[in-house]
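Novice: Just to be clear, the model below is a prediction. Sequence and coordinates:
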Amino acid sequence: MAFSLNLYHDQLITGGRAAPDLPAAHRLFYVRHGAVAINGQTLDGGSAIYSGAPATLAAVAEWSQVWRWELAQPNAAPVLLGGEGSLSSLRMSRVIATLEMPAGSRWLFRLDQITAVAGRIANRHQHPGPGIRCLLEGTFNVQQDAESVRDRTPGDAWWETGTDTVVAWSSTQMHGKFLRGMVLPVEWEGKVTGTWLSGETTAPRGDWKLFVDQIITL
């Protein structure tokens, strides 16, 4: 089976509610700002959750933003929030071409956070699976064969295939903090990813924070 990984930015204002509910899918939700009730559970800013069921989103704060990573068929139409007081945009969609993902196979659907200290250069490295990153703070740069990006700013997204060799760096003046929605083999549950190809370095490593490690069955 072929799958796409999609990233949406959803906004909700006072009284806003998704209508109808989002259909069932493998999803990772991160509340970037404000507070949102997802299937009746209130999540404040900086909180994350997985859901594989139909999802109800309702505003709790005056203005909230949710970042939503979603697995879907490549030919599926975008799943945007409907209903008054809500607004969605599809920020990135990429077909996963580096993993064989047959029906019934099990995968790790992960949301984590990396904080790279100011001036750090992450030398040549790879990851065991693909993912969409989205910048929270600072700026970030990525050099890779697939899709290189420069001067990402908060809210900007980029794609890493996992198999491509990556060199990445933040500003010399301020740290770079970003989220990663990734699809990984299940043996990586609870473990930070990254195979370093340039040997050990004395440069400071990035801080890692795990939000969600959910084993899913396709």
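Specialist: That came through, no problem.

Novice: Could you grab the helix/strand/coil label for the residue most central in space within the chain?
Specialist: Centroid-nearest residue in the chain, with CA atoms, centre = their mean: residue 181, separated by 2.8 Å. Three-state call for residue 181 (DSSP: H, G, I helix; E, B strand; the rest coil): strand.

Novice: Residues contacting stretch 50-63, please?
Specialist: Stretch 50-63 is contacted by residues 10-18, 21-29, 33-40, 42, 66, 81, 85-86, 109, 111, 212, 214, 216 when judged by CB atoms under 8 Å, 6 or more residues apart in numbering. Quick note: C-beta positions are derived from backbone N, CA and C, even for glycine.

Novice: so what strands line up beside the worst-scoring helix or strand of the chain on mean pLDDT?
Specialist: When the helices and strands of the chain are compared on mean pLDDT, DSSP states H and E, strand 195-196 comes out lowest with a mean of 86. Note on strand 195-196: by DSSP bridges, its sheet partners are strand 121-126 (antiparallel).

Novice: average pLDDT for the partner strand?
Specialist: Averaging pLDDT along strand 121-126 gives 91.

Novice: please begin residue numbering at 11 from this point
Specialist: Sounds good: first residue 11 from here, last item strand 131-136.

Novice: From residue 125, how far off is residue 200?
Specialist: Look at residue 200 and residue 125: by CB to CB, to the nearest Å, they are 19 Å apart.

Novice: the more surrounded of those two?
Specialist: Taking other CB atoms under 10 Å, residue 200 and residue 125 do not tie; residue 125 has more neighbours (17 against 9).

Novice: Report the secondary structure state of that one.
Specialist: For residue 125, the assignment made with three-state DSSP gives strand.

Novice: Go ahead and confirm it touches residue 187.
Specialist: Yes - if you go by CB atoms under 8 Å, residue 125 and residue 187 touch, sitting 4.6 Å apart.

Novice: Next SSE downstream of the least confident helix or strand of the chain?
Specialist: Per DSSP states H and E, the first helix or strand lying C-terminal to strand 205-206 is strand 217-227.

Novice: partners of that next one in the sheet?
Specialist: The strands beside strand 217-227 in its sheet (DSSP bridges) come out as strand 116-126 (antiparallel).

Novice: Centre of the chain to the strand it pairs with, how far?
Specialist: Remark: strand 116-126 is offset 7 Å from the chain centroid, using CA atoms, centre = their mean, to the nearest Å.

Novice: same thing with stretch 80-94?
Specialist: On CA atoms, centre = their mean, the centre of stretch 80-94 falls 16 Å from the chain's centre.

Novice: Could you do stretch 97-117 as well?
Specialist: Stretch 97-117 sits 12 Å away from the centroid of its parent chain (CA atoms, centre = their mean).

Novice: Residues contacting that stretch, please?
Specialist: Contacts of stretch 97-117 (CB under 8 Å, 6+ apart): 11-21, 84, 88, 90-91, 139-140, 142, 144, 165, 167-169, 171-173, 193-196, 225-228.

Novice: In strands, which of the residues you listed fall?
Specialist: Taking DSSP state E, the ones among those that sit in strands are 14-21, 142, 144, 167-169, 193-194, 225-227.

Novice: in the sheet, who's paired with residue 39?
Specialist: Bridge pairing for residue 39 (DSSP bridges) gives the partners residue 59, residue 78.

Novice: Provide the count of other residues in contact range of it.
Specialist: Here the number of neighbours of residue 39 (other CB under 10 Å) works out to 26.
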